[in-house]
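> Quick check, what structure comes out for this input:
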Amino acid sequence: MLYTVRLFISVALWVAVVLLTASNCFSAGTPAGTSIANQAHATYRANNGEPMPPVSSNVVSVIVQQLAAINITPPTATRTTQVNSSIDFPSTITNSGNGTDVILLAASTSLGFQTGIYRDANGNGVLDPGEISAGTISQTTSLAADSSMKAIIRVTVPNNITLNGQTDLLGFVGTSAFESTTKDTASYTTIISSASISFTKNVSNTLARGGDRVTYTLAYANPGSADATNVSVTDVLDNHLRYVTSSSVPPPISVTGQTIVWNLGTVAAGSNGAITFNVDVVNNAPPGTEIHNIAQMQYNDGPNVINLASTETNFITVQSGGIVSVDFSPNRTGSGEPGDTIDYAMTATNNGLLPEAFTLSASSNQNLPWVYYYDANGNGRIDSAEATTSATGMLASGGQYNVVARAILPVVPADGTIDVASFRAASTTNAGNVATATGTTTLRIPVMTLSKLADAPDPKPGRVIRYQITYANVGGGRAVQFAVTDAVPVNTSYMLQSVVHNGTPKTDEADGDEVTVSNNVVAVDVGSVSAGSSGVIEFRVRIN
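Residues are numbered from 1 along each chain as shown. A predicted model of the protein is given here:
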C-alpha cells in the first residue's frame with residue numbers, strides 16, 4: 001500500500017519594522033545604540049492532523065545608529081537700536097537628534113558688526129553681568145537627545161552716524177559636532193534707527209513798525225525713526241526786539257537779557273510741535289531795518305549730539321511810524337488731508353477816523369495757495385455767488401470787510417507738517433497801517449509701511465513657505481487705492497487658493513474679492529486704509 005503524507009504548515013511571522021527619520025525641527029526618534037531584535041516562529045501539523053513541534057528562526061538584531069538634527073528657535077526676530085549700542089537676541093539651541101551631541105555655534109552679520117555668543121545660564125532671556133563675565137562661547141554643552149541650551153547673541157553697532165536708517169542681518173548657525181553637514185540657521189534683523197528734526201522759524205508780521213507786537217513761531221518735527229532726546233532750543237533776539245514776559249508757549253526755562261532757552265526733553269519719532277512767543281519791536285527801530293532772527297536747537301541722536309539752526313521762512317522789515325488803525329482778525333487754526341479745503345473767516349476793520357482802502361495778501365511757510373473770497377453776507381462761509389477778492393475797497397471809519405481765506409491742501413513731505421499763514425491787510429495810502437492775522441494749519445498725510453516675513457520652519461524641497469505681509473498706515477491721513485503685489489519667488493510653486501487677507505480666505509480668480517493671482521504674481525487691491533489702520537496678507541508656496 002502506497003501512503004502519501006501531506007504536511008500542512010501554518011506559519012505565523014511577526015516582523016518589526018522601524019522607520020528612522022531625521023529633521024531639524026523634531027526629535028529623530030529611537031535613541032542611538034538601541035538594539036532592535038527580531039525572531040520568526042512557525043507551527044504546523046502532520047497530514048493526519050497531529051501537531052508537530054514548533055520551529056523558530058535565528059534571532060537577528062539591528063543597532064540604531066546616531067542621526068544628528070538641530071533646531072534653533074526662534075528662526076527669525078527683528079529688533080531696533082541706535083548707533084553706538086548693542087542689541088541682544090535670545091535663542092534656544094535644541095539637539096533634535098537621537099544621540100548626545102555638541103552643537104558648534106557661529107554668528108556673523110551682513111554689515112560686519114561685532115558679535116558675541118553667550119550662554120543664558122538662568123534662561124531668562126536677558127544677558128546678565130555674570131553671564132557676560134563668563135565670556136563668549138563657540139559651542140553648546142554636551143546635549144542629550146531632545147535637550148536644549150539657551151544662548152544670547154549680542155550684536156554691537158558702532159558709533160557711525162552713516163549707519164542710521166540701515167538694516168543688518170545676523171546669521172546664527174548651529175553645526176553638529178557629530179555630523180558636520182547637519183546645520184540649522186536663524187536669521188535675526190537689526191534696524192538702526194535715527195532722529196531727524198526739521199526746524200523752522202516764522203514771524204506773524206513781516207512789515208511791523210516800531211512799537212508793534214509780533215508773534216514768532218518755532219515749528220519742529222521729527223520724521224525720523226528714533227526719538228530725539230535732550231532737546232533744547234536757544235534763541236538770541238535781535239537788539240531791535242524785546243521779549244514779552246510770560247508770552248511763550250511752552251514757557252522757557254530761562255530768559256537772560258536777549259537770550260531765551262527752552263528744554264523740550266524728548267521729541268518722539270513721528271511727532272511735531274511748536275514754540276510760540278511774542279516780542280515788541282523797539283520804538284526807535286529805524287524804518288527799513290531788516291530783523292533776522294535764527295534760533296539754535298541741540299539734541300541727541302542716540303549718543304551723538306546734533307546742532308541745528310532754524311530755517312528762516314520770513315523776516316521783519318521795519319516800516320515807517322504812524323498810527324495803526326486797521327484790524328484784521330481773528331487768528332485761526334485747522335487741519336486736513338491732501339485735497340481738503342480749509343476756510344478761515346476773518347474781518348478787516350477800519351478803526352481810523354478817515355475812510356481808507358486796504359489790500360489783502362497772504363503768505364505761508366508751506367506756500368499754500370491762499371485765496372480770499374468776499375463774504376458778502378458775513379456768514380463765515382463761501383456761498384455760490386461770492387467771488388474772489390484782493391482788496392477791501394474804501395472803508396468808512398468803523399467800516400468792516402468780511403472775507404474767507406481758502407486753500408486746498410497739498411501733499412507734504414511729512415505727516416503733521418504745520419503751515420503758518422500770515423494774512424495781511426495793508427493800507428493803500430499809509431505803509432505803516434498794516435495788520436495781520438495768523439492761520440495755523442496742520443497737514444495730515446497717509447504714511448504707509450510694508451513689512452514681510454517668511455515662515456519656513458523646514459526649508460527643504462517639497463516643504464511649504466508661508467509668507468506674511470503686514471501693511472499699516474502710521475500717518476494721520478487716509479490712503480486710497482492702496483494695492484500690494486508680490487511675485488512668487490523662483491524655485492517655488494504657488495499653492496492655489498492660499499491667499500488670506502485679514503483672516504479671510506480669498507480666491508485666486510479675478511472675481512468679486514480684492515485678490516487676483518495671475519502669472520505668478522499675487523495682487524491685493526486693498527483700497528482705502530484709514531489713519532492708524534493696518535492689515536495682514538498671507539499666501540503659501542511650495543519649494544520645488
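> For whichever strand or helix holds N278, give me every contacting residue.
Applying DSSP states H and E as the criterion places N278 in strand 272-281. Applying Cβ atoms under 8 Å, 6 or more residues apart in numbering, the contact partners of strand 272-281 are 208-222, 233, 237, 240-244, 247-250, 252, 260, 262, 264, 267, 291, 316, 318, 414, 416-418, 440. From N, CA and C alone the C-beta is placed, and that goes for glycine too.
> need the contact list for A385.
The contact partners of A385, by Cβ under 8 Å, 6+ apart, come to A376.
> Where does it sit: helix, strand or coil?
What DSSP: H, G, I helix; E, B strand; the rest coil gives for A385 is coil.
> gap between it and L395?
22 Å (Cβ to Cβ, to the nearest Å).
> same thing with A431?
17 Å.
> Which one's more surrounded, those two?
Neighbours per residue, other Cβ atoms under 10 Å: of A431 and L395, the larger number sits with L395, 20 against 14.
> Look up phi and psi at that one.
L395 has phi and psi values of phi -110, psi 130 when expressed as degrees, to the nearest 10.
> Identify the residue nearest it in space, chain neighbours excluded?
Nearest residue to L395, sequence neighbours excluded (Cβ to Cβ, 6 or more residues apart in numbering): N350, at 4.0 Å.
> Quickly note the distance from that neighbour to P251.
Counting by Cβ to Cβ - N350 and P251 are separated by 37 Å.
> Who has more neighbours out of those two?
Ranked by neighbour count (other Cβ under 10 Å), N350 and P251 place N350 first, with 25 against 11.
> That one: what's it in contact with?
Applying Cβ under 8 Å, 6+ apart, the residues near N350 are 325-326, 356, 358, 395-400.
> so which of those is the most crowded?
F358 (25 neighbours).
> Buried ones among the contacts of strand 272-281?
Buried by 16 or more other Cβ atoms under 10 Å: 208-210, 212, 214-222, 233, 237, 240-241, 243, 248, 252, 260, 262, 264, 267, 291, 316, 318, 414, 416-418, 440, out of the contacts of strand 272-281.
> what's near enough to touch V536?
468-471, 501-503.
> what do you get if the cut-off is 7 Å, keeping everything else the same?
468, 470, 502 (Cβ atoms under 7 Å, 6 or more residues apart in numbering).
> one step back: pLDDT on the strand holding N278, on average?
For strand 272-281, the mean pLDDT works out to 96.
> One more: stretch 345-353?
Mean per-residue pLDDT for stretch 345-353: 89.
> Then stretch 123-143?
96.
> what's the straight distance from one end of that stretch to the other?
Counting by Cα to Cα, to the nearest Å, you get 16 Å between the two ends of stretch 123-143.
> Repeat that for stretch 55-65.
Start and end residues of stretch 55-65 are separated by 31 Å (Cα to Cα).
> who's in contact with that stretch?
With contact meaning Cβ under 7 Å, 6+ apart, stretch 55-65 is reached by 20, 30-42.
> Please convert these to CSV, extending it with neighbour count and secondary structure.
Below are these laid out as CSV (neighbours: other Cβ atoms under 10 Å; DSSP: H, G, I helix; E, B strand; the rest coil):
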residue, neighbour count, secondary structure
L20, 11, coil
T30, 16, coil
P31, 16, coil
A32, 18, coil
G33, 11, coil
T34, 13, coil
S35, 8, strand
I36, 13, strand
A37, 9, strand
N38, 15, strand
Q39, 12, coil
A40, 15, coil
H41, 12, strand
A42, 14, strand
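> Nice, that's everything, thank you.
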